[in-house]
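Participant: Everything below, folded, please.
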Amino acid sequence: GAATSKQATTMSQQQQKQQPVVHRIFEDDEDDEDVCLDMFKRDAPVPVAATASAMPPVGNLSPECPDGNVEYKLKLVDPTPDRFEHLVTQLKWRLGEGNGEAIYEIGVEDGGVPAGLSEQDMNKSLDTLRKMADELHADVNVLRTRDGVAGKVAEVLVRHYDKCDQLEIRVAVVGNVDSGKSTLLGVLTRGTLDNGRGLARLNVFRHKHEIETGRTSSISHEVMGFDSKGECFNYSKVHGAVPTQSEICNGSSKIINFIDLAGHEKYLRTTLFGLTGHAPDFAMLTVGSNMGVIGMTKEHLGISLALRVPVFIVMTKIDMCPENVLKETLQQIKKILKSPGARKIPLVVRKNDDVIVCARNFLSERIAPIFCVSSVTGQNLDLLRQFLNLLPSRKDWEKLATEPLEFHVDADWSVQGVGTVASGTVLQGTLSMTDRVVIGPDEFGNFNSVLLKSIHTKRTPVKTVRAGQSASVAIKKLARKDIRKGMVMLHADSHPTSCVEFEADVLVLYHSTTIGINYEAVVHANAIKQCARLVKMDPEYLRTGDRCRVVFRFLYWPVYLTAGTRIIFREGHAKGIGRVTTVFPYAGGLLDHKSKKVPGTGQTSAVAPVVQTAPVKPKSEVAPAARAQPEKKPQLDMEVKAPQQPQPEKDTKKSQQPQISAAKPQVETGAKSQPQPQQPQKAPANPQPNSGAKSQPLPQQQQPRCAAAVVNKARRPETAPKPAAAEPQAAQDQPEHSATQ
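Facilitator: Numbering: from 1, shown residues only. Now for the predicted structure:
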């Protein structure tokens, strides 16, 4: 009895110790408390060091929300025809809210009480749900079954299998170099394990130098498809072979588009462009368990958090990592995620229930799931695949599809036989083959009307793409030089305007000194990547951690921006984030990089700079002999005559060069400082070979050959007793002397 009372006292003390800790984590936000309660009621690990005490299998859920894709149903047993039609309409609404996906809780009341059903009633309810799904071209997949108050409670996934309306989720893969990003993608998308030496990543690399070095330096896309029942289509054999990307897209109901980014520090601008220009929905941060949180891991995590992109962590290489190092790396990750800058709840995923809890609450941006996987042994890869299968849509693309078109260009090519091709992401509206669209702005701020030739998405020709999808567009009668990254394609009726200056609320994340007026940095906004100058701000200086409203001015060409766009500006190791508040329309004129300061005046000219090697003198300042010199034709005589009149300074130097070569031995013997003013009037040294040919010129057709022979013959005696120091000068004089002849 004493032992029992002692154990009860110890358990009560532990519960009292745990309760304030849970309250302290969630006291900053009311939504976090709902998340915590939901995790308790769903028998998931508590976010207190990722551990929890024993809890009931199912607790009271939060009340049913009228919006969203989650529906509570106590039972669906033998409904009437009118009731069945009403249930089908309700399911259609939930599928629309989830962009083709819906979650049904069978055996749960509308207030969130898990009453539970008997096995017979549960089977009848699932049969009714399958009939409802068949009416809407959807499939039913039971995720898990738990014990309720008086029976079973089932959580069911309903997903469209209509291939014309695919759900696309974009996941950016970031992390430090050599953390296993490309290898993990190769294993996930190909279904074959790695050999421990990087065999799987060869299917992901795009360039030869990437294969040689093993490091990603460009942005590559990989596709992973799931059918309506949650099975990965990448692993199915089509005609006995691995399916291609187009076959995966045609046979899948949900597509995970991985954006593989570079991890090395020197490719940071490429990674930034991928995170801003490709509009990812989520970010997968890979951390090598044997290396820990080093290098660019914190940098990529900070950029993702600044862009408000939900992040989940994948620890790789656990097969080769000692247990103590693995625990140390896990503690480092938890410490960073709990820091004030991140304010995330780390949750280590160890079982199937953890996956469902993380997927259901991932959009709250407070949970950070942590997966510990191995690409060599395949450990815990099934949990990661299930999490990717259950990832919800982050934006309401159905609503954005009704707004005006906005297609951002992030790459361009010139394809032989096709012409100019532009690829990008549709952030708003729909794009069809027959639409009248404009693309721009160009260097003058204008938008040009274009015609579309074809549209491809995931290497599959289509007629229409909608908001949330990436596509490639072939454009008629437009050269590649007239298109660049950062341009947008809009409807012709929208009458867009370009801008050069914009106002934004910024936060300086890091700067070693201070930021003032005329500070220049590279601004990233959507697919825009251009240098801009800070032209206006209220305080005199900005330091790390300061917030301010500033005005930036682009230096090279106008762009298309809208209020509310998130920006990142960087300059070396200095970085800052912000949001556009006001856009000033471009009124024409030259930009800063096209203005040129006049030398000696400090003023700025109004014309574009002209590359000029030397200033051009007026014609009146040039000597008459110098103006007439280019009109004379060279005479190929046997005798080199002395000039009859003094030449300009530049011609005198040319005539002195052969004589300097001839007098070089005397300069070496001690006549270095004695001037020789009569040297230009003397004939070349050793004139004996020309003495007999003064009065008998050869025929005109033989003059060039004889003149060359005379020059070569006249040079042979000069090479006899010359020192070695004179050889480079003689080599320099030879082309000048032959040109004179």
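Participant: Can you get me the centre-to-centre distance for the helix or strand that contains Gly186 and its chain?
Facilitator: Taking DSSP states H and E as the criterion, the element that holds Gly186 is helix 181-190. Chain-centre distance of helix 181-190: 19 Å, with C-alpha atoms, centre = their mean, to the nearest Å.
Participant: For it, output the C-alpha coordinates as CSV.
Facilitator: Listed next in CSV are the C-alpha coordinates belonging to helix 181-190 (Å, rounded to 0.1, in the frame of the first residue of the first chain):
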residue,chain,number,x,y,z
LYS,A,181,18.8,16.0,-51.3
SER,A,182,19.2,14.7,-54.8
THR,A,183,19.8,11.1,-53.6
LEU,A,184,16.6,11.2,-51.6
LEU,A,185,14.6,12.6,-54.6
GLY,A,186,16.1,9.8,-56.8
VAL,A,187,14.9,7.2,-54.3
LEU,A,188,11.4,8.7,-53.9
THR,A,189,10.7,9.2,-57.6
ARG,A,190,12.3,6.0,-59.0
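Participant: buried set for it?
Facilitator: 181-190 (16 or more other C-beta atoms under 10 Å). (Each C-beta comes from the backbone N, C-alpha and C, glycine too.)
Participant: Stretch 226-245 now?
Facilitator: By 16+ other C-beta under 10 Å, the buried positions in stretch 226-245 come out as 226-228, 230, 232-234, 242-243, 245.
Participant: So the residue positioned nearest the centre of the chain: helix, strand or coil?
Facilitator: Closest residue to the average C-alpha location of the chain: Gly274 at 1.5 Å, with C-alpha atoms, centre = their mean. Recorded secondary structure, Gly274: helix (DSSP: H, G, I helix; E, B strand; the rest coil).
Participant: got the CA positions of the strand or helix carrying Asp505 in CSV?
Facilitator: Element membership of Asp505, judged by DSSP H and E, is strand 499-510. Provided in CSV are the C-alpha atoms of strand 499-510 (Å, rounded to 0.1, in the frame of the first residue of the first chain):
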residue,chain,number,x,y,z
CYS,A,499,7.0,50.1,-62.5
VAL,A,500,10.5,51.1,-61.5
GLU,A,501,10.0,52.4,-58.0
PHE,A,502,8.0,50.7,-55.2
GLU,A,503,7.5,51.3,-51.5
ALA,A,504,7.8,48.4,-49.1
ASP,A,505,7.9,47.6,-45.4
VAL,A,506,11.2,45.9,-44.8
LEU,A,507,13.0,44.1,-41.9
VAL,A,508,16.8,43.9,-41.9
LEU,A,509,17.7,40.3,-41.0
TYR,A,510,21.4,40.9,-40.9
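Participant: tell me which residues in that strand are buried?
Facilitator: 499-504, 506-509.
Participant: Quick one, which of the residues you listed has the minimum pLDDT?
Facilitator: Across these, the member with the lowest pLDDT is Leu509, scoring 91.
Participant: was I right about it contacting Ile303?
Facilitator: No: when contacts are counted by C-beta atoms under 8 Å, Leu509 is not listed as touching Ile303 (9.2 Å).
Participant: which stretches of the stretch 301-450 of the chain have low pLDDT?
Facilitator: The model of the stretch 301-450 of the chain has no residue with pLDDT under 70.
Participant: Likewise for the chain?
Facilitator: Low-confidence segments of the chain, defined by pLDDT under 70: 1-58, 162-165, 238-240, 590, 592-741.
Participant: which one of the buried residues of strand 499-510 sits closest to Gly341?
Facilitator: Nearest to Gly341 out of the buried residues of strand 499-510 is Leu509 (C-beta to C-beta; 9.4 Å).
Participant: From Val488, how far out is the closest one?
Facilitator: Separation of Leu509 from Val488 (C-beta to C-beta, to the nearest Å) stands at 27 Å.
Participant: re earlier: now render the buried residues of strand 499-510 as a markdown table, adding distance to Glu64.
Facilitator: Formatted as a markdown table, these follow (distance: C-beta to C-beta, whole Å):
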| residue | distance to Glu64 |
| --- | --- |
| Cys499 | 45 |
| Val500 | 50 |
| Glu501 | 49 |
| Phe502 | 43 |
| Glu503 | 43 |
| Ala504 | 40 |
| Val506 | 41 |
| Leu507 | 38 |
| Val508 | 44 |
| Leu509 | 41 |
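Participant: Leaving out chain neighbours, which residue sits closest to Arg385?
Facilitator: In space, not counting the residues next to it along the chain, Arg385 is nearest to Cys232; the distance is 6.2 Å by C-beta to C-beta, 6 or more residues apart in numbering.
Participant: Contacts made by the very next helix or strand once past the strand holding Asp505 with the rest, please.
Facilitator: Next in sequence after strand 499-510, counting helices and strands by DSSP H and E, comes strand 520-525. Applying C-beta atoms under 8 Å, 6 or more residues apart in numbering, the contact partners of strand 520-525 are 269, 272-273, 276-277, 529-534, 552, 554-555, 559, 561, 565-571, 574, 576, 580.
Participant: buried set for strand 520-525?
Facilitator: In strand 520-525, counting by 16+ other C-beta under 10 Å, buried: 521, 523-525.
Participant: Out of those, flag the one nearest to Lys399.
Facilitator: Using C-beta to C-beta, those come closest to Lys399 at Ala525, 22.7 Å.
Participant: about what we covered before: helices - which of the contacts of strand 520-525 land there?
Facilitator: Among the contacts of strand 520-525, the residues falling in helices (DSSP state H) are 269, 272-273, 276-277.
Participant: Now list the buried members of those residues.
Facilitator: Buried, going by 16+ other C-beta under 10 Å: 272-273, 276-277, out of those.
Participant: Can you add distance to Met291 and give those residues back as CSV?
Facilitator: Formatted as CSV, these follow (distance: C-beta to C-beta, whole Å):
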residue, distance to Met291
Leu272, 23
Phe273, 25
Thr276, 27
Gly277, 29
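Participant: and the two most separated of the residues you listed?
Facilitator: Leu272 and Gly277 (8.7 Å).
Participant: Overlap in contacts, the two.
Facilitator: Here Leu272 and Gly277 share the contacting residues 524, 529, scored by C-beta under 8 Å, 6+ apart.
Participant: What is the nearest of the buried ones among the ones in helices among the contacts of strand 520-525 to Lys458?
Facilitator: Nearest to Lys458 among those: Gly277, at 18.2 Å, using C-beta to C-beta.
Participant: now the closest one: how far from Ala525?
Facilitator: Applying C-beta to C-beta to Gly277 and Ala525 gives a distance of 9 Å.
Participant: Regarding stretch 202-219, how distant is the last residue from the first?
Facilitator: 15 Å (C-alpha to C-alpha, to the nearest Å).
Participant: in it, what's buried?
Facilitator: Under 16+ other C-beta under 10 Å, the buried positions of stretch 202-219 are 203-205, 210, 215-217, 219.
Participant: quick one: which of the residues you listed is nearest to Thr464?
Facilitator: Distance to Thr464 across the buried residues of stretch 202-219 (C-beta to C-beta) is lowest for Ile219, with 25.4 Å.
Participant: Who are the contact partners of the closest residue to that closest one other than its chain neighbours?
Facilitator: Distance criterion C-beta to C-beta, 6+ apart; nearest residue to Ile219, sequence neighbours excluded, is Gly274 at 4.9 Å. Contact analysis of Gly274 by C-beta under 8 Å, 6+ apart lists 172, 219, 259, 261, 280.
Participant: what about 6 Å?
Facilitator: Contact partners of Gly274, counting by C-beta atoms under 6 Å, 6 or more residues apart in numbering, are 219, 259, 261.
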